[in-house]
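>>> output the structure for:
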Amino acid sequence: MEKLNVLFFIKRTKKLSNGECPIYCRLTYKGKRAEFTVTNSVNEDSWNPKAGKAMGKSREIYRLNKSLENINEKINEILRKCELNELEPTAELVRNELLGINRQYKFLIEAYEEHNQKMESLVGKEYAPKTLARHKTSLKHIKKFLKDNYRTKDVELIRIDYQFLIDYEFWLKTHTSCQHNSVVKYIKNLGKILKIAKNHGWITHDPFINTTFRYKEVDKSFLTDEELQKIIRKRFTISRIEKVRDVFLFCCFTGLAFIDVKELRNEDIISGNDGQEWIRKKRQKTKNWSNIPLLPAALKILAKYKEDPECLMKGTLLPVPSNQRMNSYLKEIADLCGIKMILTTHVARHTFATTVALANHVSMEAVSKMLGHTSLEMTKKYARILNSYIAEEFKKVEGKY
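Take a look at the predicted model:
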């Protein structure tokens, strides 16, 4: 049997958006050729055309060359199968078998669009609208990535490997305004699609097996007791500003997220055996129950809007605007109160966990239950121990020495 020649080379005239050259593989058998692109790219100066591989000792170069070696091994495996079946291995046949062209393979964008369609039909039942929105954005990023890096509209799921994930991570960091944790979130969204693909048998490998994408710890902003008091005492002459201030404070006293306070209704308020008023409500994000005793300050805000026309019309307890308007008005409130912090309902939630609850000796377990978290680890990310709390606790030690 005549030998099949395998040549890896780069196309300098087709540089990608990151400045690297795409790598091609050319198969030649009895004078006939078949080419295909490899899902890798390399800097022009790092390529050794004689050896048909990259030069250097970095981890990236090692992985790239390893990927090319794997392709060679797969080609040899196809040739062995041809020999066993007494089939002549044309260049086109080997290429098609390698790429799975002769088989009915599932494509990435196709699978992701199917996932989003199913998710859309379950919004309000199993998923929140924001979850769907994130996956739609994730799909948009992947489409743009494939166009920029591979000049294609879709790619077979079987061709997604470690290098694909690394390239996608780099593209997200250089072609979008996403910070590190957002980048990791989009990669994990892709990971969900690949997990579905593996469960369906569309792929047999796990592209994530040799890598881990981790979130970076981020300090979550919260108001100190002094800053919270500034907002409480401030008098506003504009009704819309006052309403947003009251909603924000209610979140500071209850820890409710924006969507949960927006949809708060009479049936979410219950009376305990001791006469204490409670919020008992399922969080839209996690579907976990939040059980929150209502502080007098929170009850006062609810009483203030008991006869509010907007609340009566919508059947809600508080006049909550859209998230965009809420955040816009909160910027005004921060300026008027002299607070140098971007106020959001997330800040209110963190303030409840830290300044209102933990700093006043409420246990981490109780705070976790009130916030509706699935684990104590989630609560720890919100919690911050204040210096005043440390000083107070340390006074217990002073008398002993």
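
>>> and the longest strand seen in the chain, what other elements does it pack with?
Looking across the chain with DSSP state E, the single longest strand is strand 32-42. Here strand 32-42 touches strand 21-29, helix 59-84, helix 91-99, helix 129-150, helix 162-175, going by 3 or more Cβ pairs under 8 Å, 6 or more residues apart in numbering; DSSP states H and E. Where C-beta positions appear, they are placed from N, C-alpha and C, glycine not excepted.

>>> and of those, who's closest to residue 360?
Taking Cβ to Cβ as the measure, those were each checked against residue 360, and helix 129-150 came out nearest at 31.2 Å.

>>> list the buried residues in the closest one.
Residues of helix 129-150 classed as buried: 131, 135, 137-139, 141-143, 145-146, 149-150 (neighbour count, 16 or more other Cβ atoms under 10 Å).

>>> got CSV for those residues, with pLDDT and distance to residue 259 too?
Listed next are those as CSV, based on pLDDT from 0 to 100; distance: Cβ to Cβ, whole Å:
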residue, pLDDT, distance to residue 259
131, 89, 11
135, 96, 17
137, 96, 18
138, 96, 20
139, 97, 23
141, 97, 24
142, 96, 27
143, 95, 28
145, 95, 30
146, 92, 33
149, 88, 36
150, 83, 37
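
>>> check which element follows the host helix or strand of residue 297 along the chain.
Under the criterion of DSSP states H and E, residue 297 resides in helix 296-304. Using DSSP H and E, the helix or strand that directly follows helix 296-304 along the chain is helix 309-314.

>>> can you pull out the low-pLDDT segments for this protein?
Low-confidence segments of the chain, defined by pLDDT under 70: 1, 85-87, 102-105, 218-219, 381-401.

>>> measure residue 130 to residue 137 for me?
Residue 130 is 10 Å from residue 137, where distance means Cβ to Cβ, to the nearest Å.

>>> cool, and residue 32?
If you go by Cβ to Cβ, the gap between residue 32 and residue 137 works out to 45 Å.

>>> what does residue 205 give?
27 Å.

>>> ok, now residue 277?
In this structure, residue 277 and residue 137 are 39 Å apart, going by Cβ to Cβ.

>>> the residue lying closest to residue 43 once chain neighbours are set aside - how many residues pack around it?
Leaving aside its chain neighbours, residue 43 sits nearest to residue 20 (5.5 Å; criterion: Cβ to Cβ, 6 or more residues apart in numbering). The tally of other residues near residue 20 (other Cβ atoms under 10 Å) stands at 18.

>>> list the contacts of residue 20.
41-44 (Cβ atoms under 8 Å, 6 or more residues apart in numbering).

>>> just the buried ones among the residues you listed, please.
41-43.
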